[in-house]
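**Student:** Pasting the sequence and the predicted model now:
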Amino acid sequence: MSSSRLPGKVLKEAGGRPLLERMVERVNRSVRVDEALVATTIDPSDDAIVDFCTARKTPYFRGNLMDVLDRYYQAALLYQAELVVRLTGDCPFIDPVLVDETINALLHAGADFACNRLPPPMSRTYPIGLDVEVCTFEALETAWKNASEKHEREHVMPYLYEVPGRFKVVKIDYASDYGKLRWTVDTAQDLEFVRAVYTALDNRNDFSWLDVLQLVQAHPEIAEINANVQHKTMFDVDKRNL
């Protein structure tokens, strides 16, 4: 809730429903995910998220505001997770099929970490806002014990992929490159874009990411709403963490 660029963003509404509600519902359609957990913080501003989860009987965990790696680790430890799927709470278009594909990629390769994108300056082919990261609990625990840089603690999993060869990493890519499309919610323009998409899709929540792609290709003016927003890199840290 204390987002620096768009405070309260995860509970802002699109099509009459909070973004976080839409996202949790979509994640729960995953075949591979056993339980979707909202990993929020002990900051008083996030009491609203706890109230949201309590009202909807959604599991949640409260942890460190800035040390998100510790928050993830403690949540995974408490819930005895064998695999941990990281999804940021500002991605209401998250696709459960992509979640499953990323989990399957990790299992098939016997990898420590799998993803469908690596952050700038590295590569991606899926739109920003469909980001899926998966790791084994053992890999997460190793990162938790050893990661010391601020960006490694704030962005959870850089320790697992930023040094080649440190862990076994697998990345899935789409056949075409749509990595410059922006479907996440971090600014007022992003929220306007998301609301426009939901309006065009009759406020449904059962669409796939390819439905959104087809929409923005047919109506490029929608994609232009937030096309100029600058995306953060994995080295950007919250000013409160400096």
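**Tutor:** Alright, I've got the coordinates.
**Student:** Just the local confidence number for the residue with the largest distance to the centre of the chain, please.
**Tutor:** Largest separation from the mean C-alpha position in the chain: Ala218, at 26.0 Å (C-alpha atoms, centre = their mean). Looking at Ala218, its pLDDT stands at 98.
**Student:** That one and Leu201: what is the separation?
**Tutor:** 12 Å (C-beta to C-beta, to the nearest Å). In this view, the C-beta of every residue, glycine as well, is placed from N, C-alpha and C.
**Student:** if we can go back for a sec, report the separation between the residue farthest from the centre of the chain and Ile94.
**Tutor:** From Ala218 to Ile94 the distance is 22 Å (C-beta to C-beta).
**Student:** do the same with Gln80
**Tutor:** Distance from Gln80 to Ile94, by C-beta to C-beta: 24 Å.
**Student:** Same question for Ile222.
**Tutor:** 19 Å.
**Student:** the more surrounded of those two?
**Tutor:** Between Ile222 and Ile94, Ile94 has the larger neighbour count (other C-beta atoms under 10 Å), namely 25 against 19.
**Student:** For the more buried one, list the residues it contacts.
**Tutor:** Met23, Arg26, Val27, Leu87, Gly129, Leu130, Val132 (C-beta atoms under 8 Å, 6 or more residues apart in numbering).
**Student:** again, only using 6 Å
**Tutor:** Met23, Arg26, Leu87 (C-beta atoms under 6 Å, 6 or more residues apart in numbering).
**Student:** And those, which is closest to Asp51?
**Tutor:** When the contacts of Ile94 are compared for distance to Asp51 (C-beta to C-beta), Met23 wins out at 16.9 Å.
**Student:** part of a helix, is the closest one?
**Tutor:** Yes: secondary structure of Met23 (DSSP: H, G, I helix; E, B strand; the rest coil): part of a helix.
**Student:** And it, how far from Val229?
**Tutor:** Going from Met23 to Val229 by C-beta to C-beta gives 19 Å.
**Student:** ranges for the strands of this protein?
**Tutor:** 13-14, 17-18, 38-41, 60-63, 83-86, 113-115, 133-136, 169-171 (DSSP state E).
**Student:** how about those in CSV, adding mean pLDDT and mean neighbour count?
**Tutor:** As requested, those are exported to CSV (pLDDT from 0 to 100; neighbours: other C-beta atoms under 10 Å):
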stretch, mean pLDDT, mean neighbour count
strand 13-14, 97, 18
strand 17-18, 98, 16
strand 38-41, 98, 22
strand 60-63, 98, 18
strand 83-86, 98, 20
strand 113-115, 98, 26
strand 133-136, 98, 25
strand 169-171, 97, 18
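**Student:** Any chance of a markdown table for these, columns distance to Leu160?
**Tutor:** Below are the strands of the chain laid out as a markdown table (distance: least, C-beta to C-beta, whole Å):
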| stretch | distance to Leu160 |
| --- | --- |
| strand 13-14 | 32 |
| strand 17-18 | 31 |
| strand 38-41 | 17 |
| strand 60-63 | 19 |
| strand 83-86 | 10 |
| strand 113-115 | 4 |
| strand 133-136 | 6 |
| strand 169-171 | 7 |
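**Student:** Give the burial count for Leu191, as a bare number.
**Tutor:** By other C-beta under 10 Å, neighbour count at Leu191 equals 21.
**Student:** now swap in Leu140 and tell me
**Tutor:** 25.
**Student:** Much appreciated, bye for now.
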